[in-house]
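Engineer: Okay, here's the prediction I keep looking at, along with the sequence it came from:
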Amino acid sequence: MKLDTIRLRGARTHNLQGIDLDLAKGTLIVIAGVSGSGKSSLVFDTLAAEAQRQINSTFSSFVQNFLPSFGRPDVDLIENLSACVVVDQRQLVGAPRSTVATITDIGDWLRMLFSRASTPHIGPSYAFSFNDPLGMCPACQGLGQEKTLDEDAFVDLSRSLREGPFRHPDYKPGSIAWQRYGNSGLFDLDLPVEHYSSRELHMLLHAEAGEVEPVGEYALPGQYEGAVVRFRRLQLTKDPAALKGETKKAHEALVSVGPCTRCGGSRLNEAAATAHVHGLTLPDAYAMQVSDLAEAMRGWDLGELRPVQREVMIQLERIKALGLGYISLDRATSTLSGGEAQRIKMVRHLGSTLNDLLYVFDEPTTGLHPRDVDRLTRMLITLREKGNTVLVVEHDPVVMAIADQIIEIGPGPGNTGGNLVFQGTYKNLKEADTVTGRALRSPASVGFRTPRQPTGSIAIRDASTHNLKSVDVDIPLGVLTAVSGVAGSGKSTLIRTHLLAAAPEAVMVDQGPIRGSRRSSPASWTGMLDEIRRIFARETKQPPGLFSPNSDGGCRACEGTGITYIDLGFTDAVTSPCEACEGRRFRPGALRHKVDDLSIADVFEMTIDQALDHFTAPRLRRLLSAASKVGIGYFPLGQNLTTLSGGERQRLRLARELTNKAQIIVLDEPTTGLHATDIARLLELLHALVDEGRTVVVIEHDLDVIASADYVIDLGPEAGHAGGEVQFTGSPAELARTATHTGRYLAQHLSLQSNA
C-alpha cells in the first residue's frame, strides 16, 4: 500500500456522486468547480472532517466533550490521511478581549520583551497583560471600553410606576425587575416620577445596595438597589451581540460605548501603560500599524533580548507578507473580515516546524487585491515545501497556475454536480472541455464597454473616518460604479460609512450572518415558502400551518427537523435521518394532501430552479426568478440557512432586494465564492439593474467586474495610513492607462485576455 497517497473511495457527502480520488501527499492541489458543485463537501465535509474526527477520537471521552464533534462522512474508504489544519474564512469568534495580538501570540512575546527591557522595570510578563489583574486597568477590567447608560433615555419621568417609567423590556410593569420597585412599599405607584421628592427619586434610581430597606408586604427578597444602579450592574456587563429582539434594540438605544476614561482604551493600568522600551510604550506598540511597528523595532539593540525581538519581528513580517501590514495588534478579532481572519490564521502555521500535515484553505484570495495574490501564493508554496499537503478551494487562475494538480468537481451545481470531471495540471485544464477549462479560454471580459452617462451624483465631502484623508468624491447615479484599491486602502470605510450616511435610502448587501432560526431556509427567509403554503392551503382547503414543518405539519418524532440526535456518551454524537418521517420533516397527515401530484415534502426537496419550472403563481415566480438570476438556483427550497457561505448569503440578500425595488444597491465584494461563469452571470444581472434605472455600487477586487463598470473610484495608494486617498476617478479604460496598482493589473489582465 502506498503511504504517500491519500486514497478516497465512494465519497457521497451531500451532493457528491460516489467520487474516487488519489491525492499525492506533499503536493499543492487546487479544487475547482462552479459554486455549489461539491468542492466544500469533498474538502471540508469529507477529508478534513474525517481527519479531525480521527484526531479527536484519540483523546479520552472526557476531553472529547470539550472538542468539536465531527460525524463520520458518507464515504466507503479514506486511507493515509494526515493530521489536518483547516484555515477557513469563519470569523475569529473570541471574547471581547481577543485581539490580533492575542490570537497570533505576538502579544505574549511583546509582553515578555517589555517585562525584561522596559523602563521602569515593573515585573513579570503578566504585569503587562490586560487579561490579568496585575496588568489590567482597574476601571474597565482590561476591556478598554466604558459603557454609559443614558439616564434621561432610560427613565420617562412623566410616567408613574404603574404606567412603567423605564424604557427597557426587562423593567416593564409586572416584570421581576419592576416588582423590586412596584412592590417595595416605598413609592406611590400612581404618582408620576417627576413629582417624587428628591429623596424618593434617589431611592428609585440611585440607592446603593443595602442603603434602603423595602417595607412592602410583597417586596422581593434580596438587597434593594436603585434602578439605575441595578441596570449598570447587570445590563452594562452584557455582550450586545448576545442580545436579541426588543432587549437588543433597547440596549443599543440606552447604552453608549466609548474608550475607558481611566486608561484611554489601552486596557492596561498606569504602570504597564507608561513603561517603555526605546521610548515606545506597549499600548503604542499595539496601536501602530504592523508595518510601522516592524520598522520601529528594526532599529532596536536589545542585547541578550535579541532572540525575543527577532521572534516578534518574524511574526510581524509574516503578517506584512500576507498583505495585512495595515492592521494593528489591538484590532479586535471580531472586526476582521473573512479573508483577513483566514490570513491571520496562516501566521501561526507558517512558523510551525511540523510536516506531513494536511492544510486545507477556503478561497484564500478572498478580499485580496491582485497585487497581493502573488504574496499569498508564495505562502502556499512555502507550506508545501515544508513537506505538507496543501488543498485549496479556489477560483482564481493565479492560484491554479501554481498548483501541482487541479481537481474540478461538477459539472454543475447542486444535484447536477458532485462528479469528478477533471484531474490534472493547469496546462491540461486550459485545454479541457469542462466549465472551468472553457472559462479560462473565454474570460468574462475581453474589453471595455461604452460607459453610461450618470443621471446625477451623491456628494461625499471631507470624509476622514479611519484612514480616509479628507476625501471629496461624487458617487454617480444611474450607473455601475466599482470602488477598487488594495485591501485596507479605505474602500469599505468610504462606502459603508460615508455613502450610506449621505444616502440613507441605499441598501447594503453584504456577506454577514442572516438572522433566522436553525430551522430557517433560503426559501422561508425570502418568503417563497409562504407563497407555496398559500397555494397548498388554497388547493387542498386545509389550513396553511399543515404545510409547515415548524407548525401543525411537522413530524412529531423529530419536531419537524428531519433528523434525530443520538448522544452515545462515550463517542461521537450521531445524527441520522428521522425514522418516522425518513428525514422529510412532515407527518403523514400533511403528506397526504398533494397539489399537481406533489406533496409539500416533494416541494421542499425541489431546487429553486426546479420550482421555477414548476410553479405558475406570479408572486412566487418573481421570488424564484430573482434567486435564480443571482446564481443560487441550485439551493433546495428547504436547505438550512446556516449551511450557506458568505458569498451565498450575499446573493440571497441580493435576490430579496431584486423584488424590493431598492433604487441604490451597494454590494461588498459580490464575487466572493463565485466561479468565472457565475461572475459573468452576476455582471449581466448588475447591468440589468442599472438598465432598470437603479444605481449599483460594488466594492470589488475582481478585474472583470472593474473592467465592466461604467465608473471606477480607486483608493490608495497603499493600505492603512499610507492609503485613504482617491487615486483615480473615471472610466475603466482610463484607469488601465494609469500607474496605480489597480490600473497596472487591469491593463495586464486585459492584455492576457486578448491573447487567450
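Structural biologist: Structure's in. What do you need? Given the structure is predicted, the values throughout are model-derived calculations rather than measurements.
Engineer: which stretches of the stretch 651-756 of the chain have low pLDDT?
Structural biologist: Scanning the stretch 651-756 of the chain for pLDDT under 70 picks out 752-756.
Engineer: got the end-to-end distance for stretch 436-455?
Structural biologist: 38 Å (C-alpha to C-alpha, to the nearest Å).
Engineer: neighbouring contacts of that stretch?
Structural biologist: Under the contact criterion C-beta atoms under 8 Å, 6 or more residues apart in numbering, stretch 436-455 has outside partners 32-34, 397, 408, 410, 422, 429-431, 476-480, 675-677, 679-680, 683, 690, 703-704, 707-708, 710-711, 731-733, 736, 750, 753-754, 756. In short, each C-beta sits where N, CA and C put it, glycine included.
Engineer: go with 7 Å
Structural biologist: 32-33, 397, 408, 429-431, 476-479, 675-677, 679-680, 683, 690, 704, 707-708, 710-711, 731-733, 750, 753-754, 756 (C-beta atoms under 7 Å, 6 or more residues apart in numbering).
Engineer: among those, which ones are buried?
Structural biologist: The neighbour count (16 or more other C-beta atoms under 10 Å) marks 32-33, 397, 408, 429-430, 476-479, 675-677, 679-680, 683, 690, 704, 707-708, 710-711, 731-733, 750, 753 as buried among those.
Engineer: Mark which of the residues you listed are part of strands, please.
Structural biologist: 32, 408, 476-477, 711 (DSSP state E).
Engineer: Could I get the full set of strands for the stretch 501-650 of the chain?
Structural biologist: 507-509, 563-566, 574-577 (DSSP state E, counting those that start in this stretch).
Engineer: what do you get for the stretch 351-500 of the chain?
Structural biologist: Going by DSSP E, counting those that start in this stretch, the stretch 351-500 of the chain shows strands at 358-362, 389-393, 405-410, 419-424, 456-463, 471-477, 480-484.
Engineer: Lys594: which of those strands is closest?
Structural biologist: strand 419-424 (32.2 Å; C-beta to C-beta).
Engineer: what's the spacing between the closest one and its chain's center?
Structural biologist: 30 Å (C-alpha atoms, centre = their mean, to the nearest Å).
Engineer: Stretch 348-359 too?
Structural biologist: 25 Å.
Engineer: Could you tell me the end-to-end distance of that stretch?
Structural biologist: Using C-alpha to C-alpha, the two ends of stretch 348-359 sit 13 Å apart.
Engineer: List the buried residues in that stretch.
Structural biologist: So stretch 348-359, judged by 16+ other C-beta under 10 Å, has buried residues 348-350, 357-359.
Engineer: Any chance of a markdown table for those residues, columns pLDDT and distance to Gly560?
Structural biologist: What follows is the buried residues of stretch 348-359, written out as a markdown table (pLDDT from 0 to 100; distance: C-beta to C-beta, whole Å):
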| residue | pLDDT | distance to Gly560 |
| --- | --- | --- |
| Arg348 | 76 | 42 |
| His349 | 79 | 41 |
| Leu350 | 77 | 46 |
| Leu357 | 95 | 41 |
| Leu358 | 96 | 38 |
| Tyr359 | 95 | 39 |
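Engineer: And those, which is closest to Gly38?
Structural biologist: Nearest to Gly38 among the buried residues of stretch 348-359, counting by C-beta to C-beta, is Leu358 at 18.8 Å.
Engineer: what sits against that closest one?
Structural biologist: 51, 81-84, 389, 391.
Engineer: which among these end up buried?
Structural biologist: In the contacts of Leu358, the ones that pass as buried (16+ other C-beta under 10 Å) are 51, 81-82, 84, 389, 391.
Engineer: number of nearby residues for Asp239?
Structural biologist: Residues lying near Asp239 (other C-beta atoms under 10 Å) number 9.
Engineer: wait, Asp190
Structural biologist: Neighbour tally, Asp190, other C-beta under 10 Å: 9.
Engineer: residues in contact with it?
Structural biologist: 160, 162.
Engineer: Ser40 now?
Structural biologist: Val393.
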